[in-house]
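Peer 1: The following comprises the amino acid sequence and a computationally predicted model.
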Amino acid sequence: MAAVAWLAGGHAQAATPGQRVILVVGDSLSAEYGIARGTGWVALLEQRLVQEKIAATVVNASVSGDTTSGGRSRLAAVLQQHKPTHVVIELGGNDALRGLPLAMTRDNLEHMARAAKAAGAKVMLVGMQVPPNYGTRYAQDFHALFANVAKAEGAALVPFLLAGVADSPEADRLFQPDRIHPTSAAHPTILGNVWPVLRPWIK
């Protein structure tokens, strides 16, 4: 997949002193892969914050195809650049697609959470699930590792980013032909999974 890294709204926004800066470090699910710019859940989050009159700058540092190892390697730079007050980590799905060891995924997520906290930010993990054809034990352990890391690191947790999408009876309409990436029609539901956790977290 082509790499995509961009700031929400397509441009950098200067944060005023004391304003929240929400940094999203994710993969293609957050980088608007295959859909029109401005229709993904991160862009919709920015719009929701404006509607709710919550002062916050959203920085989307998501890269299509990224793994937790990739996120770990670039996190220090984006923390230094954007100095976020809140960090959303949406990574891990590509680890599973590549069959990477769960222990490595967990170690990377833990490292990222600790680095973000050390930089003064609050942390949120966004959980993923894999289809049962990966094996019942693997699927269960993969899903559980997000909750385990969140608990260990005192992070907020969105249990499953694609709830109501991957398990929807209309899944055919909500996914692109690759059956991996949601269409723009799915992203309001995705934001609906994130928002109830994010709103109290940032306040």
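Peer 2: Arrived safely. Numbers count the residues shown, from 1 in each chain.
Peer 1: who does the lowest-mean-pLDDT helix or strand in the chain touch, helix- and strand-wise?
Peer 2: Within the chain, no helix or strand scores below helix 171-174, which has a mean of 94 by mean pLDDT, DSSP states H and E. In terms of contacts (3 or more Cβ pairs under 8 Å, 6 or more residues apart in numbering; DSSP states H and E), helix 171-174 is not packed against any helix or strand. Where C-beta positions appear, they are placed from N, C-alpha and C, glycine not excepted.
Peer 1: which residues are in contact with that helix?
Peer 2: Val165, Ser168, Pro182, Thr183, Ala185, Ala186, Thr189 (Cβ atoms under 8 Å, 6 or more residues apart in numbering).
Peer 1: and what of stretch 99-116?
Peer 2: Contacts of stretch 99-116 (Cβ under 8 Å, 6+ apart): 25, 67-69, 71-72, 75-76, 79, 84, 87, 89, 91-92, 95-96, 122-123, 125, 138, 141-142, 145-146, 148-149, 152-153, 155.
Peer 1: Just the ones of the residues you listed in helices?
Peer 2: Secondary structure of these is defined by DSSP state H; positions in helices are 68-69, 71-72, 75-76, 79, 95-96, 138, 141-142, 145-146, 148-149, 152-153.
Peer 1: returning to that earlier point: compare the contacts of helix 171-174 and tell me which has the most neighbours.
Peer 2: Ala186 (26 neighbours; other Cβ atoms under 10 Å).
Peer 1: which residues of this structure fall in strands?
Peer 2: Using DSSP state E, the strands assigned to the chain run over residues 20-26, 56-60, 86-90, 122-126, 156-158.
Peer 1: Show me what the shortest one pairs with in its sheet, parallel or antiparallel.
Peer 2: This means strand 156-158. strand 122-126 (parallel) (DSSP bridges).
Peer 1: Distance from the chain centre to the strand it pairs with, please.
Peer 2: Offset of strand 122-126 from its chain centre (Cα atoms, centre = their mean, to the nearest Å): 8 Å.
Peer 1: tell me which residues of it are tucked away?
Peer 2: Lys122, Val123, Met124, Leu125, Val126 (16 or more other Cβ atoms under 10 Å).
Peer 1: cool, and stretch 111-120?
Peer 2: Applying 16+ other Cβ under 10 Å to stretch 111-120 flags His111, Met112, Ala113, Ala115, Ala116, Ala119 as buried.
Peer 1: which other residues reach stretch 41-53?
Peer 2: With contact meaning Cβ under 8 Å, 6+ apart, stretch 41-53 is reached by 8-9, 22, 24, 26, 29-30, 32, 37, 55-56, 58, 60, 62, 187-188, 190-191, 194-195, 198-199.
Peer 1: could I have that stretch exported to PDB, CA atoms only?
Peer 2: Output in PDB follows, covering the C-alpha atoms of stretch 41-53 (Å, rounded to 0.1, in the frame of the first residue of the first chain):
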ATOM      1  CA  TRP A  41     -13.200   8.900  11.100                       C
ATOM      2  CA  VAL A  42     -10.300  11.200  12.100                       C
ATOM      3  CA  ALA A  43     -11.600  14.000   9.900                       C
ATOM      4  CA  LEU A  44     -15.100  13.400  11.200                       C
ATOM      5  CA  LEU A  45     -13.700  13.500  14.800                       C
ATOM      6  CA  GLU A  46     -12.300  17.000  14.000                       C
ATOM      7  CA  GLN A  47     -15.800  18.100  12.800                       C
ATOM      8  CA  ARG A  48     -17.400  16.600  15.900                       C
ATOM      9  CA  LEU A  49     -15.100  18.500  18.200                       C
ATOM     10  CA  VAL A  50     -16.000  21.800  16.500                       C
ATOM     11  CA  GLN A  51     -19.700  20.900  16.700                       C
ATOM     12  CA  GLU A  52     -19.400  20.200  20.400                       C
ATOM     13  CA  LYS A  53     -17.300  23.400  20.900                       C
END
